[in-house]
Structures are given as C-alpha cells and as structure tokens.
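K.L.:
Just the structure for this:
(2 chains)
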There are 2 protein chains.
Amino acid sequence: MRAIAVKRGENKPSLVEKPRPSPGPGEALVRTLRVGVDGTDHEVISGGHGGHPEGEDHLVLGHEAVGVVEDPNGTAFERGDIVVPTVRRPPDGDNEYFERGEPDMAPSGEYHERGIVGAHGFMVEYFTSPEEYLVEIPDSLASLGFLVEPLSISEKAVELAYASRSSFTWEPESTIVLGNGSLGLLTVALLREDFDRLYCLGRRERPDPTIEIIEELGATYVNSRKTPVSEVAEVHEPMDFVYEATGYAKHAFESVDALAPNGVAALLGVPGPWEFEVDGGSLHREMVLHNKALVGSVNSHVKHFEAATDTLAELPSWFVDSLVTGIHGLDDFEAAFVDDDTTIKTAVQFSEHEER
Amino acid sequence: MRAIAVKRGENKPSLVEKPRPSPGPGEALVRTLRVGVDGTDHEVISGGHGGHPEGEDHLVLGHEAVGVVEDPNGTAFERGDIVVPTVRRPPDGDNEYFERGEPDMAPSGEYHERGIVGAHGFMVEYFTSPEEYLVEIPDSLASLGFLVEPLSISEKAVELAYASRSSFTWEPESTIVLGNGSLGLLTVALLREDFDRLYCLGRRERPDPTIEIIEELGATYVNSRKTPVSEVAEVHEPMDFVYEATGYAKHAFESVDALAPNGVAALLGVPGPWEFEVDGGSLHREMVLHNKALVGSVNSHVKHFEAATDTLAELPSWFVDSLVTGIHGLDDFEAAFVDDDTTIKTAVQFSEHEER
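P.N.:
This is a model prediction of the structure:
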C-alpha cells in the first residue's frame, strides 16, 4: 500500500510503499479516507520539529486523519464506522498520563506523536490503532473529519484558559485570535458563539480569502503590519481572551499588553530559540496588578476530540467550503503541501467514503 | 487621636493628630489593636507605589490590621468582636466587582486601597468600616490578626494558580517560594501541608533567622546567589508550583525554567519598568510544549480572609513567635519600620486587647 513519508535526510514528502498492517489484540484496522495538512507537517518536513521513529529511514506523515473501520477485530467498533484517531501514543507500554486519558499532559519522552515524532502517521492507505485512541464520529462528517484533530487542539486550549479564570466571575466579551491560518480560522469559528466581539490578526493585505472568511464570521480583521499585537488594546479594545496560534515568539509577551484586566492568553505555537529585549518589569507588574494569565497548551485528548466533533457538526457549510481549498488524491499529493496565498486548508484523499 | 501617616512630599512615616471618626449608616467603629508593616508600606513610604487620598496632605498608612468593635452602630457585630478589615474600597459608590464580593478583581481606577492608594489606612487609634469589609476572627487570634491580610494574599494566589490546573489531573508535590521575607515565610507555612517537598529561595547567608524558620518548617533553603531561579530545576528538582513574592522582574521569566511540566507560577510582586534580554522563543516554546502557566495575582477578598483565618489558627506557635520580631507601641513606632537582617515581621500596637 502507498504512504506519504519524509525520508531521513530529505526535506520533502515522497510516496513510499509499505505492507498493509494487521491489527493486534485490542486494535482495529482503519481504511484512511482523508488526512489534513497543517503547519506542523511543514515543520516536520523541514526538520524544525518532530523526529523519525527509532531505526526507521522514513516517517509517515499525517496526524489529522479520518477513516473507516475496515476490520473491527473484536473491538467495540463495527465495520463501516467513521473514526478519527488521536495523535499521542505511549512509547513503552502505558504510563500514568495515558492511563488516565490525559496523554496531552505527558512530558517529553513519555509520548510519541503519530506523524510528528517517534511514530508513523496516518498518511497511508490503512492504519491500525488501539480502540481507545479512535473516536467515532457521525457518518455525515466523514468528508470533514480531518478537521476534528485541529479543532480538538483549540478545544483543549480554550478549556485550559477558561479553567485559569474559574476561581472568580469571568464573563469574557472580547477575543482576538492571532493567526489567520486554518487553525486560526477554525478557532474564530469555534469562539464566535461565546464572544460578543471577535478579532483575528494576520499579515495579509486585501483582497484575501482568509480576510473574507474572518469578516463573514462576524469578526474584525486586524492587519499586524498596521496594528501590532502590543497596540491592539489601544486601537481596538483590550481583549478578555487572546489565542496565539502563530508561534511568533514575541506574541507571548505582547499579549500581556493586549489583554484586558483579568484576561488570559493561550499559547499554542512552538517557536525556536530567539533572544530579544522585553520590558520585563512592566510586563511582570501588569500581570500582577491586573490578575492576567498566560497558559501554554499542547495536543489534546479524547474528550477534546469529542467536543471538536460537536463543534464541527455546527459549523456553517459556507465556512468549511471556503476553508477547505483543496482535496488532493494520492496521484496529486504534492499539491496538498503547497502553501501559497490561495491555500487555506488542504487534505490528501486516500479512499472514497461509500454511504452505508 | 493619633495616626501614623506619610505626608505629601515626605518619605518617612510621622505621627499625626486626627479627629476620631463617627460611623455612618452600615458602618461599625473599630478600635485598632495592631497593624502589621510589610514591603508595600515601604514602597508607599518611598513613593514607589500607591498614592494620597484626593485633596489630602497625608496618607494614613497600614493595611494589615486587627481591631475590636467599639461601636457596632446597628451592624451585625457586637461590641468586643475581633475583626480584620479588608483593604479595597469602591471609589464612587459601588461597582460590579464590589457588588459580587470580588474587589480584588477590580481594574485600576475601580478601587482605592486603604493605606496604599486613594484612602487612609488603619494605622490610627480608631477607624470606621462598612460591615461587609470586616471579617470576624476568633478572640484567640486577636494578637496575631494582623497576619490575616498577608495570608489572604497567598490564599488568593494559590486559589488562582490551582484553578489554572483544574481542567486536568494535577497532583503537585514540589514547590518553591521565591522570597524569604515575611510573606514568603507565611506562604511556606501555608503550603507545608500540601507539598511533599518545599523550597524557599532568598539572598541571605547563614546564620540567618529566616533560614532557621525555613528549615524548621521542613523546607530546603536555596541561596539565590549560588543557585539562581533558572538553575533550581537542575540543582534541586523541577517545581510543580512556583510562588514569586520578591517582585524581582526576571523571576517571572526564570520561573518557566524552574517549573515542572504542567506546573504553574503565581506572580505577586510589582516591579517597576526594566528592559532586559530574554530567550523569548525558548520560553514561549517551553510554556506550550509542557502546558506551563504564569498567573498574576493581586489583593484578596472576604473569602480569602476567612481561609487565612483558618490557616492562621493552625500555624504552630513557635513559627509565629519566630516570625514576629517586634511589636512596637505608638511611642516607639519608628522601630516597626526598620528593615534590617534581624527584622522579619513587625507591627504597631495601638491598644491592648482585653479578654471578654
């Protein structure tokens, strides 16, 4: 069977041939439908993040998958069930984080991430997975199921951020999402019911399809070339919640200025080392005097996948139609990895979903 | 009656004469017993923090008070009840934060702080207060009641920090308190039941009375001249919880290195502006990849005063005896403001408590 992998020493995705896997005890065999491409894939391909499985000369890409159960193999699934796999796996048997269903809280060394670090991903015609790492979704979401994983990342970050404000009365009204890539746009859509006033910051000039989506969602586009994050509070308004999805290192610090009193910023990007000057005294003081919080968040667990499935079911069809700019077959897989100004979200299609 | 105030244009406390106040409707008249001195008082005296009440040529100091109800004036109190006043007051009638009992979450401009900014403090023989800002404490705590306010600050910070970890399983075992002043020591005592392993960081060399207290509490003293915060994780162990009470601006950033995965640092100090270089990229990345949080915290509300009262009642007597290094009468009030290496916690005594 065919898979899309990055070979050791290369910085591009290639087609590789692999044997079809057999499910072990407690595992189901899944026929892959579609697998999304995101910024993490580009970082893995360029070598900036992640790592190959031990002893392997390639890493199968892909962590945003949807598939159909081909062989339940004694698990609770039925043949034909539509499932989305979670990403983290325990490297050596189980550990406490996986045992309690919170692999997203496992520290480095206590997890592999399929398609990212230490374990092959889902950009392959068939994959196996232990039952507990497969989340069933409605058949009607089969074509969009590759959006569950990225949405789950935001569900987790929002949950962490809200928890940090749970010891007092917090009624947030304004929010800004930093980043107008696909994760940023999904998050604006996720947050639109909760906030009276939404903003989304990017570096693009009009006309631009992401700006059109942002405005159609009822949010205000903020051009960071004109209004940097540190000036957002003054130019627009202080934000109760900041969601940082660009991985631009300075945003962590500038977010403190963007926040309203008692606000929280969730950080999700993974920048590399970068030394720069900050007014650390004023930043520290402002965090204290206005009870502000910064919360880092990575990965997600089954409950976040379930919440994301509910969120996905409620997204307007015009939004997902605009967001997904390309579904590419295996013969044309390179097109799914093109990242230009007309690309928002792409996926590779491995097989067709046939209605039950 | 006599009060201790800082006069406009001066940088020292002085005795001033003021008329005894009459309680208005809903207010009780309180005879002051003792008022503690802390770092904020020193900042107010030096002009680095706080401000005089509008139109007044002096600010009565003191925000850590305990007193006895002299005239209940129709409130629910009885004459002789021992009470501790909270610190924040609404500047113009009420506002939403005070209405819901969370004045500690009010932003700048929406509060005065008695003895700190905009309103006279409690270093005076008698004061009045609306009933809702007085917290009754047991008669047995009358002599130590001035420790309730500083303890309440830590109760609030710990509550906020724990809330930030409430969306997942968090079983913290290790903690470090940055700062071995009176607030730091009170916090080590507060945390000692919750943590298997406690550390307290300071800049003092042995022999030192604070180091003796730290060790008697079962904590490990960390000399920051030998082991800076950024090396604590390596030299000792990563910390699940960091409590930053020094106000040293760099600690906010170094705390990220000191934290264990999924850990949280509570920030309580109020440094002034200070620009310095940080590896903001690595810091941002580390917060994300290990789900770390930074939480600023200021002030406290009635429920934190109540929790602090319970905590105070449980503190070992040797600890408070060692902590309180001086109780000074009005004739000798300057001694309470001396801050040398033998001073830990002082208070000014305004009147004696007579047993009921």
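K.L.:
is it true that A:P13 touches A:A5?
P.N.:
Yes - between A:P13 and A:A5 there is a contact under Cβ atoms under 8 Å: 6.9 Å. The C-beta positions use only the backbone N, C-alpha and C, and glycine is treated the same way.
K.L.:
quick one: common contacting residues for the two?
P.N.:
Listed as contacting both A:P13 and A:A5 by Cβ atoms under 8 Å, 6 or more residues apart in numbering or on different chains are A:L61.
K.L.:
how about the strands in the stretch 51-200 of chain A?
P.N.:
For the stretch 51-200 of chain A, the strands defined by DSSP state E, counting those that start in this stretch occupy A:58-60, A:64-71, A:82-85, A:88-89, A:112-114, A:118-119, A:126-130, A:134-137, A:174-178, A:197-202.
K.L.:
got the contact list for A:R356?
P.N.:
A:G80, A:D139.
K.L.:
Kindly provide the distance from it to A:L315.
P.N.:
Distance of A:R356 to A:L315, given as Cβ to Cβ, to the nearest Å: 23 Å.
K.L.:
In chain A, where's the longest helix?
P.N.:
helix A:148-163 (DSSP state H).
K.L.:
Could you check that one against chain B for contacts?
P.N.:
Yes - Helix A:148-163 lies within reach of chain B by Cβ under 8 Å from any Cβ of the partner chain, at A:E159, A:L160, A:Y162, A:A163.
K.L.:
quick one: contacts of the helix or strand bottoming out on mean pLDDT in chain A?
P.N.:
Lowest on mean pLDDT, DSSP states H and E among the helices and strands of chain A sits helix A:39-46, with a mean of 94. Counting by Cβ under 8 Å, 6+ apart, helix A:39-46 makes contact with A:6, A:11-13, A:49-50, A:59, A:61-63, A:115-116, A:181, A:183, A:247, A:270, A:337, A:339, all of which sit outside it.
K.L.:
so which of these are also by chain B?
P.N.:
Taking Cβ under 8 Å from any Cβ as the test, chain B is in contact with A:G247, A:V270 out of the contacts of helix A:39-46.
K.L.:
Separate out the buried members of the contacts of helix A:39-46.
P.N.:
Restricting the contacts of helix A:39-46 to buried positions leaves A:6, A:13, A:49-50, A:59, A:61-63, A:115-116, A:181, A:183, A:247, A:270, A:337, with burial counted as 16 or more other Cβ atoms under 10 Å in any protein chain shown.
K.L.:
State the pair within the residues you listed that is farthest apart.
P.N.:
Between any two of those, the greatest separation by Cβ to Cβ is 22.5 Å, found for A:L59 and A:G181.
K.L.:
from memory A:D57 sits against A:A5, does it?
P.N.:
No - using Cβ under 8 Å, A:D57 is not in contact with A:A5; the gap is 9.2 Å.
K.L.:
who has more neighbours, these two?
P.N.:
For A:D57 versus A:A5, neighbours defined as other Cβ atoms under 10 Å in any protein chain shown are more numerous around A:A5 (25 against 11).
K.L.:
Identify each buried residue in stretch A:209-222, please.
P.N.:
Neighbour-count burial for stretch A:209-222, counted by 16+ other Cβ under 10 Å, picks out A:P209, A:T210, A:I211, A:I213, A:I214, A:L217, A:A219, A:Y221, A:V222.
K.L.:
Please name the residues that touch the last one.
P.N.:
The neighbourhood of A:V222, defined by Cβ under 8 Å, 6+ apart, consists of A:I176, A:Y199, A:C200, A:L201, A:G202, A:V232, A:V235, A:H236.
K.L.:
for the second one, same thing?
P.N.:
Counting by Cβ under 8 Å, 6+ apart, A:T210 touches A:N180, A:G181, A:L185, A:G202, A:R204, A:I344.
K.L.:
which of these lies closest to A:E125?
P.N.:
Using Cβ to Cβ, A:I344 comes nearest to A:E125 of the contacts of A:T210, at 25.9 Å.
K.L.:
Now the closest one: closest residue in space, sequence neighbours ignored.
P.N.:
Spatial nearest neighbour of A:I344, chain neighbours left out: A:T325 (4.8 Å); criterion: Cβ to Cβ, 6 or more residues apart in numbering or on different chains.
K.L.:
Quick one: neighbours of that neighbour, just the number.
P.N.:
Residues lying near A:T325 (other Cβ under 10 Å) number 16.
K.L.:
Could you tell me which residues of the stretch 251-356 of chain A lie near chain B?
P.N.:
Proximity of the stretch 251-356 of chain A to chain B (Cβ under 8 Å from any Cβ) is limited to residues A:251-253, A:260-262, A:267-298.
K.L.:
Dig out what the closest residue to A:E334 other than its chain neighbours forms beta bridges with.
P.N.:
Of all residues not flanking A:E334 in the chain, A:P13 sits nearest, at 7.3 Å (Cβ to Cβ, 6+ apart). With DSSP bridges applied, A:P13 shows beta-bridge pairing to A:V6.
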